[in-house]
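>>> sequence below, structure please.
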Amino acid sequence: MKRILSILLTFFICVTSIFSQRDVNSVSDKLFDLRFQRKYDEAISDLNQLIETSPNDAKLYIKRAEFLGLQNKIEEAITDVSNALRIEPDNAIFYIERAKYFRLANDNKALLTNVLTAVSLIPAKQIVLVSGARELFLSGQFKENIKIADFFITRNELRYWAYKLRSENKFALKDYSGALEDSIKSIELINTEGDEDMNAFSTSIELGNLPQYETVIFPSLTKHLKNDKNLISYYNRIIDLLEIKFGELVDEHRKQHIQQKGIATVEFAQFLYTEKLKGLMLDCAEIYLENGQQKKADDLLNRLVKINPEYSSYRTRALFYKSKGKYKEAIEDLTHIIQIRQPSSTILFMRGDLYVLTKQYDKAIGDYETVISLYQQHKGIAEKANEKITSATKKRDEDQNKLN
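A predicted model of the protein is given here:
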């Protein structure tokens, strides 16, 4: 009899636990829906009831603080996070959460204290460093952020993230050369195979997005350091570094592609990761041309094509040559594209127009006629090609008449 009672009791506890979990999950789903529907009062009412039932559940206070914050009840939100911290006083994420509300309350001193407390509790946690740095950055405490970054760099911990955030804060303080140096250092520290700071997947995302490019590298090179004597050196250092890192990352993708099915193709990865590198190369090539260094510009543009010898690279170089009046070189790149794949009307029109500019009218007309044969079912494209044929024929005849 006792054995049967024991079994029944165990069964009852398990079933109760399962139904309790379901209830928690259903509440979480409901809160998500209420947030989406902006029914904040209803969400807070539900959380009030849950807190009455489970007054020692710290996460409930954090969740209620979120909805209070959405109603701009910042002081009440701070009180709720403080209640959560009384239950879990060593929870570093809660300190970051409270720092957020102190920022909204314009209490920078309390914000800083909470971030520093969080960092002291978990000194080598990426989410704590990055989230805390974000709150300090948004509150304009750039120098304090730099001190925290220095702390991590000195300890040889989370150095990629520390250099990255230090570069962003130096940029905010208008130390553009220092910001650029730190951005370069952060990229140097990226291990494309993954390490203790980032796994291989996170590395792929970080290097693919390369937020330093948008926030520090591009604006520094193209605007703030445009007249710096080291500008070309900066370009070359970053181009060389990214070429190595992107190459390593593409090799990693190639290994993954061999080992697994269904992942993104190596070609797509190569295209994705090299677009920013192409932009830097084109900018640098333009500077070389402005300084009369034709060979260095050509060498850099040749490297651009070697990195990814596909259609897009040749098209990019052709457009660059065209913009600089180097029509012969642009025609050569477009011809290469036409030889390796069925040409689009855009490519044929571009080469035809360049033939007209170089007075090779018969070749231009030939390209326009090819457009008509390939795209005759597209009325608009065919009409455009016929108009170009008429114009090219007229120009050819006018030039011949001048000679006669």
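>>> low-confidence stretches in the stretch 51-200 of the chain?
194-197 (pLDDT under 70).
>>> what do you get if the cut-off is 80, keeping everything else the same?
123-124, 192-200 (pLDDT under 80).
>>> and Thr358, how many neighbours?
Residues near Thr358, counting by other CB atoms under 10 Å, number 14. Using the backbone N, CA and C atoms, a C-beta is placed for each residue, glycine as well.
>>> next, work out how far apart it and Lys326 are.
Here the criterion is CB to CB, to the nearest Å. By it, Thr358 lies 11 Å from Lys326.
>>> go on, Tyr288?
Using CB to CB, Tyr288 is found at 13 Å from Lys326.
>>> equivalent analysis for Gln377, please.
Taking CB to CB, one finds Gln377 at 35 Å from Lys326.
>>> the two: who's more crowded?
Neighbour count, other CB under 10 Å: between Gln377 and Lys326, Lys326 has more, with 19 against 7.
>>> what about Ile340, how many neighbours?
Neighbour tally, Ile340, other CB under 10 Å: 12.
>>> could you find the closest non-adjacent residue to it?
Tyr311 (7.2 Å; CB to CB, 6 or more residues apart in numbering).
>>> measure that neighbour to Leu374 for me?
In terms of CB to CB, Tyr311 sits 16 Å off from Leu374.
>>> tell me how far the residue nearest to Ile340 lies from Ser45.
59 Å.
>>> which of the two has more neighbours?
Between Tyr311 and Ser45, Tyr311 has the larger neighbour count (other CB under 10 Å), namely 16 against 13.
>>> what's the distance between the residue most central in space within the chain and Lys164?
Centroid-nearest residue in the chain, with CA atoms, centre = their mean: Asn209, separated by 2.6 Å. Asn209 sits 12 Å away from Lys164, going by CB to CB.
>>> ok, now Leu47?
Distance, Leu47 to Lys164, by CB to CB: 36 Å.
>>> again, but for Asn108
23 Å.
>>> of those two, which one has the most company?
Lys164 (25 against 17).
>>> residue contacts, the more buried one?
Asp182, Ser183, Ser186, Pro211, Gln212 (CB atoms under 8 Å, 6 or more residues apart in numbering).
>>> out of these, which are inside strands?
Using DSSP state E, no member of those sits in strands.
>>> from these, which two are the most distant?
With CB to CB as the measure, no two of the contacts of Lys164 lie farther apart than Asp182 and Pro211, at 13.2 Å.
>>> the more surrounded of these two?
Using other CB under 10 Å as the criterion, Asp182 and Pro211 rank with Asp182 on top: 26 against 13.
>>> can you give me every residue that contacts that one?
Asp182 neighbours (CB under 8 Å, 6+ apart): Tyr163, Lys164, Arg166, Ser167, Lys170, Val216.
>>> how near is the fifth one to Phe218?
The reference is to Lys170. Lys170 is 16 Å from Phe218, by CB to CB.
>>> picking up where we left off before, how far away is the residue nearest to Ile340 from Thr346?
Separation of Tyr311 from Thr346 (CB to CB) stands at 11 Å.
>>> with Leu68 instead?
55 Å.
>>> quick one: which of these two has more around it?
Legend: neighbour count by other CB under 10 Å for Leu68 and Thr346, higher for Leu68 (23 against 11).
>>> the more buried one contacts Ala77, correct?
Yes - contact criterion CB atoms under 8 Å: Leu68 and Ala77 qualify, at 4.2 Å.
>>> list just the nearest of the contacts of Asp182 to Ser131.
Using CB to CB, the contacts of Asp182 come closest to Ser131 at Lys164, 13.9 Å.
>>> now the phi/psi pair for the closest one, please.
phi -60, psi -50 (degrees, to the nearest 10).
>>> can you report how many residues lie near Thr113?
For Thr113, using other CB under 10 Å, the count is 15.
>>> could you export the helix or strand where it lies as CSV, CA atoms only?
Using DSSP states H and E, the element containing Thr113 is helix 108-121. In CSV, the C-alpha atoms belonging to helix 108-121 read as follows (Å, rounded to 0.1, in the frame of the first residue of the first chain):
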residue,chain,number,x,y,z
ASN,A,108,25.1,58.8,-15.3
LYS,A,109,26.9,58.3,-12.0
ALA,A,110,24.6,55.4,-11.0
LEU,A,111,24.8,54.0,-14.5
LEU,A,112,28.6,53.9,-14.3
THR,A,113,28.5,52.3,-10.8
ASN,A,114,26.2,49.5,-12.0
VAL,A,115,28.3,48.8,-15.1
LEU,A,116,31.5,48.6,-13.1
THR,A,117,29.8,46.3,-10.6
ALA,A,118,28.6,44.0,-13.4
VAL,A,119,32.2,43.9,-14.9
SER,A,120,33.6,43.1,-11.4
LEU,A,121,31.2,40.2,-11.0
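>>> give me the contact list for the helix or strand that it is followed by.
Moving toward the C-terminus from helix 108-121, the next helix or strand (DSSP H and E) is helix 126-138. For helix 126-138, contacts defined as CB under 8 Å, 6+ apart pick out 92-93, 96, 99-100, 103, 111-112, 115, 118-119, 121-122, 142, 144-145, 148-149, 152, 158, 161-162, 165, 168-169, 172, 197-198.
>>> do that again at 6 Å, thanks
92, 96, 99-100, 103, 115, 118, 122, 144-145, 158, 161, 165 (CB atoms under 6 Å, 6 or more residues apart in numbering).
>>> could I get the full set of helices for the stretch 301-404 of the chain?
311-323, 327-340, 345-357, 361-374, 379-403 (DSSP state H, counting those that start in this stretch).
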